[in-house]
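# coordinates only, sequence not included:
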């Protein structure tokens with residue numbers, strides 16, 4: 001009988017780490033594990049998705065002290081040989097649990113808004129009695145460079161994996177979907193991105209570059225997601241007279257359809273822990289434009305995407321123009337991209353890497 005797993009995560013709303021955990025937990029249930037997910041805050045937007053995958057979902061408590069007590073009580077119950085924390089608040093709730101696992105997902109300060117030395121100290125303290133999974137080499141290097149992991153703590157890189165079949169739409173009426181959902185004419189070229197509307201994602205660069213391209217060809221830009229910069233970005237769109245060409249779609253559940261409906265996907269982030277949406281775009285066979293930084297470079301390269309220097313409007317504009325004007329080369333990059341994601345970023349490889357870490361921890365116990 002396979003050991004039961006308790007995953008602890010800050011939220012189960014929609015996001016990269018949360019989507020990753022859903023895919024991981026689903027695969028773990030299929031291979032015979034009893035899986036429980038304890039979330040600490042948020043609207044629990046994906047609760048039913050977890051439950052339909054056979055995962056038990058529990059709320060952690062109304063405040064941090066209640067969460068800490070509840071998680072530690074579950075860990076001491078003997079029901080869960082494996083306790084696996086995701087994201088900073090969950091790491092804090094698991095602090096001190098013997099031989100627990102931590103997945104580090106981000107290349108950013110552990111505690112925003114406090115001095116770096118204090119943020120790093122708290123991050124390092126959370127690794128006490130733990131084993132670390134890093135979702136990319138970039139995350140691993142960032143954590144080490146900023147002293148966010150105790151020196152003796154083992155750390156393994158395990159990439160996100162996706163179920164490629166989820167992004168193969170065999171009966172998708174693309175033209176009809178574009179007309180109904182995006183109000184697009186067949187000849188319009190549609191750029192798109194899926195992103196939280198926050199400074200990290202550098203959407204100002206995307207909108208500014210798009211404003212140049214929109215003067216040359218009939219095109220639209222669709223931005224999926226929500227966040228604190230929404231009003232600021234809408235003002236930028238208005239100042240550039242792009243209200244009829246740039247559309248904010250908010251949060252969406254039909255991501256596979258959207259990726260198949262657009263003509264190009266752009267990721268302009270200043271940094272990413274990994275960039276799950278890039279995997280989804282490659283699996284959907286949509287052409288990709290991406291900033292050349294952090295873990296983005298571990299997913300895509302010049303063979304599979306058009307890449308530009310971070311925050312360079314001129315280089316992004318050039319990449320957008322090249323993608324439109326060279327369809328044959330674009331098609332070749334798309335084909336190579338799909339092969340790359342199938343070979344390197346599947347659920348099986350993610351599960352295998354995670355199981356290897358679990359086996360090491362169970363060996364200690």
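In hand now; what should we look at? On a predicted model such as this, the values are computed, not experimentally measured, just so you know. Numbers count the residues shown, from 1 in each chain.
# please tell me how far residue 20 sits from residue 268.
Note on residue 20: its distance to residue 268, by CB to CB, to the nearest Å, is 21 Å. (C-beta placed from N, C-alpha, C; glycine too.)
# ok, residue 250 next?
19 Å.
# more neighbours: which of these two?
Between residue 250 and residue 268, counted using other CB atoms under 10 Å, the more crowded position is residue 268 (24 against 10).
# what helices or strands is the helix or strand hosting residue 90 leaning on?
Remark: residue 90 resides in helix 88-93, with elements defined by DSSP states H and E. Applying 3 or more CB pairs under 8 Å, 6 or more residues apart in numbering; DSSP states H and E, we find helix 88-93 packed against strand 5-9, helix 64-76, helix 116-126.
# at 6 Å instead, please
Helix 88-93 sits against strand 5-9, helix 64-76, with contacts defined as 3 or more CB pairs under 6 Å, 6 or more residues apart in numbering; DSSP states H and E.
# of those, which is nearest residue 299?
Closest to residue 299 of the helices and strands packed on helix 88-93, according to CB to CB: strand 5-9, at 22.4 Å.
# other SSEs contacting the closest one?
By 3+ CB pairs under 6 Å, 6+ apart, strand 5-9 packs against strand 35-39, strand 82-86, helix 88-93.
# mind redoing it with 10 Å?
helix 16-30, strand 35-39, strand 56-59, helix 64-76, strand 82-86, helix 88-93, strand 100-104 (3 or more CB pairs under 10 Å, 6 or more residues apart in numbering; DSSP states H and E).
# what packs against the longest one?
So the one you mean is helix 16-30. For helix 16-30, the packing partners by 3+ CB pairs under 10 Å, 6+ apart are strand 5-9, strand 35-39, helix 47-52, strand 56-59, strand 82-86, strand 100-104, helix 276-283, helix 347-364.
# angle of the longest one against strand 5-9?
Spelled out, it's helix 347-364. 110 degrees (axes from the mean of the first three to the mean of the last three CA atoms, to 10 degrees).
# need the distance between the two termini of stretch 75-85.
End-to-end distance for stretch 75-85: 12 Å, by CA to CA, to the nearest Å.
# buried set for it?
75, 80, 82-85 (16 or more other CB atoms under 10 Å).
# which one of the helices and strands packed on strand 5-9 lies closest to residue 205?
The nearest among the helices and strands packed on strand 5-9, by CB to CB, is helix 16-30 at 20.0 Å.
# check what pLDDT residue 365 gets.
If you check residue 365, the pLDDT there is 63.
# state the mean pLDDT of the helix or strand containing residue 142.
Element membership of residue 142, judged by DSSP H and E, is helix 137-145. Looking at helix 137-145 alone, the average pLDDT works out to 97.
# ends of stretch 232-247, what's the gap?
First residue to last in stretch 232-247 (CA to CA) measures 14 Å.
# sorry, back to before: in JSON lines, list the helices and strands packed on strand 5-9 along with distance to residue 346 and mean pLDDT.
Listed next are the helices and strands packed on strand 5-9 as JSON lines, based on distance: least, CB to CB, whole Å; pLDDT from 0 to 100:
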{"stretch": "helix 16-30", "distance to residue 346": "10", "mean pLDDT": "96"}
{"stretch": "strand 35-39", "distance to residue 346": "19", "mean pLDDT": "98"}
{"stretch": "strand 56-59", "distance to residue 346": "25", "mean pLDDT": "97"}
{"stretch": "helix 64-76", "distance to residue 346": "31", "mean pLDDT": "96"}
{"stretch": "strand 82-86", "distance to residue 346": "20", "mean pLDDT": "98"}
{"stretch": "helix 88-93", "distance to residue 346": "26", "mean pLDDT": "97"}
{"stretch": "strand 100-104", "distance to residue 346": "18", "mean pLDDT": "98"}
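# so for residue 351, which of those sits nearest?
Of these, the one closest to residue 351 (CB to CB) turns out to be helix 16-30, at 4.9 Å.
# mind listing what's buried in the closest one?
16-29.
# try stretch 43-51
Using 16+ other CB under 10 Å as the test for burial, stretch 43-51 gives 46-47, 49-50.
# chain center to the host helix or strand of residue 330: distance?
Using DSSP H and E, residue 330 falls within helix 327-344. Centroid separation for helix 327-344 versus its chain: 20 Å, with CA atoms, centre = their mean, to the nearest Å.
# that one packs against which elements?
helix 276-283, strand 288-291, helix 296-299, strand 306-308, helix 313-325.
# show me the contact partners of the longest one.
When contacts are taken as CB atoms under 10 Å, 6 or more residues apart in numbering, the neighbours of helix 313-325 outside the stretch itself are 189, 191, 202, 204-214, 216-217, 219, 221, 263-264, 266, 268, 287-292, 305-310, 312, 329-330, 333.
# buried subset of the residues you listed?
Buried among the contacts of helix 313-325 (16+ other CB under 10 Å): 189, 191, 202, 204-207, 209-214, 219, 221, 263-264, 266, 268, 287-292, 305-308, 310, 312, 330, 333.
# can you redo the helices and strands packed on strand 5-9 as TSV with distance to residue 134?
Converted to TSV, the helices and strands packed on strand 5-9 look like this (distance: least, CB to CB, whole Å):
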stretch	distance to residue 134
helix 16-30	13
strand 35-39	21
strand 56-59	26
helix 64-76	22
strand 82-86	12
helix 88-93	13
strand 100-104	5
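# quick one, which of those gets closest to residue 243.
helix 16-30 (29.4 Å).
# what angle separates that closest one from strand 82-86?
Using the same axes, to 10 degrees: helix 16-30 against strand 82-86 is 160 degrees.
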